[in-house]
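Everything below, folded, please.
(one chain, ligands or ions: 1)
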Amino acid sequence: MANGAQDGSRLVQVQAPAQRFAYLQAAVDDAAAEGQRGEELLIPLLQAVQGKFGYLPAEDLAAVAEILHVPLSRVYGVATFYNQFRLTPVGKHIIRSCTGTACHVKGAQMLRDALQAELGIAPGQTTPDGRFTWELVACLGACGMAPVIMIDDEFHGRLTPQQLPRILRTYSA
Ligand code: FES
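You can find the predicted model right below:
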């Protein structure tokens, strides 16, 4: 064909995605070495994606579907069924604010309002700088310290809105 250069550039375009998803092939090889086959590989591959990115990017889910020859809807079905998987990026620190009854009567809503003002995001979102993801949870199991928030693995109890800015600053790294 006269357009050999075009063929060459097309070849480069095909190779780049293959390199991008090489880690998935490595995960397939690892799981296959342990005897897993076919759809049994789906969860190990999703774990590999999340291990690499901290969440499940859409293009990697499409690659998983292609590698396993399963419908993309099946991949999303499994990804959304298990709580361990996330479809959106998370921040470096995860804030969990309690919406349980004990915290509610001790002023949890004021804490949520203060968090929203400090972070500039709504629950379920991540700050634009990627520092915090904010989630609401039913009860953190520390009702005696109400109102409570948790940042990563640390509890912050009997909290007032005035204390929040100082606490958030300690997670600036
Ligand atoms: S109600 Fe908030 S920790 Fe239990």
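
Next secondary structure after the one helix or strand in the chain whose mean pLDDT sits lowest?
Ranked by mean pLDDT, DSSP states H and E, the weakest helix or strand in the chain is helix 4-20, scoring a mean of 48. The helix or strand immediately downstream of helix 4-20 is helix 22-33, counting by DSSP states H and E.

what about the closest residue in space to residue 80 that isn't next to it in sequence, distance to the ligand?
Nearest residue to residue 80, sequence neighbours excluded (C-beta to C-beta, 6 or more residues apart in numbering): residue 87, at 7.1 Å. Quick note: C-beta positions are derived from backbone N, CA and C, even for glycine. For residue 87, the distance to the ligand equals 27 Å [C-beta to the nearest ligand atom, to the nearest Å].

Next, the contact list for the residue in the chain that the ligand sits nearest to, please.
Residue nearest to the ligand within the chain: residue 100 (2.4 Å; C-beta to the nearest ligand atom). Residue 100 makes contact with 108, 138-140, 143, 146 under the criterion C-beta atoms under 8 Å, 6 or more residues apart in numbering.

tell me the phi and psi of the residue nearest to residue 80?
In terms of degrees, to the nearest 10, the main-chain angles of residue 87 are phi -100, psi -10.

Check residue 146 too.
Main-chain dihedrals, residue 146, degrees, to the nearest 10: phi -60, psi 140.

Residue 97 now?
phi -100, psi 140.

can you pull out the helices in the chain?
All helices of the chain, identified by DSSP state H, fall at 4-20, 22-33, 42-53, 58-68, 72-81, 101-105, 108-119, 164-169.

worst average pLDDT in the ones you listed?
Here the lowest mean pLDDT among these goes to helix 4-20, at a mean of 48.

doesn't residue 68 make contact with residue 39?
Yes: using C-beta atoms under 8 Å, residue 39 makes contact with residue 68 at a distance of 6.6 Å.

out of these two, which sits in the busier spot?
Taking neighbours as other C-beta atoms under 10 Å, residue 39 and residue 68 compare with residue 68 leading, 18 against 13.

Of the contacts of residue 100, which ones also sit close to the ligand?
Counting by C-beta under 6 Å from any ligand atom, 139-140, 143, 146 from the contacts of residue 100 sit close to the ligand.

Turn the residues you listed into CSV, including pLDDT.
Formatted as CSV, these follow (pLDDT from 0 to 100):
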residue, pLDDT
139, 93
140, 94
143, 97
146, 97
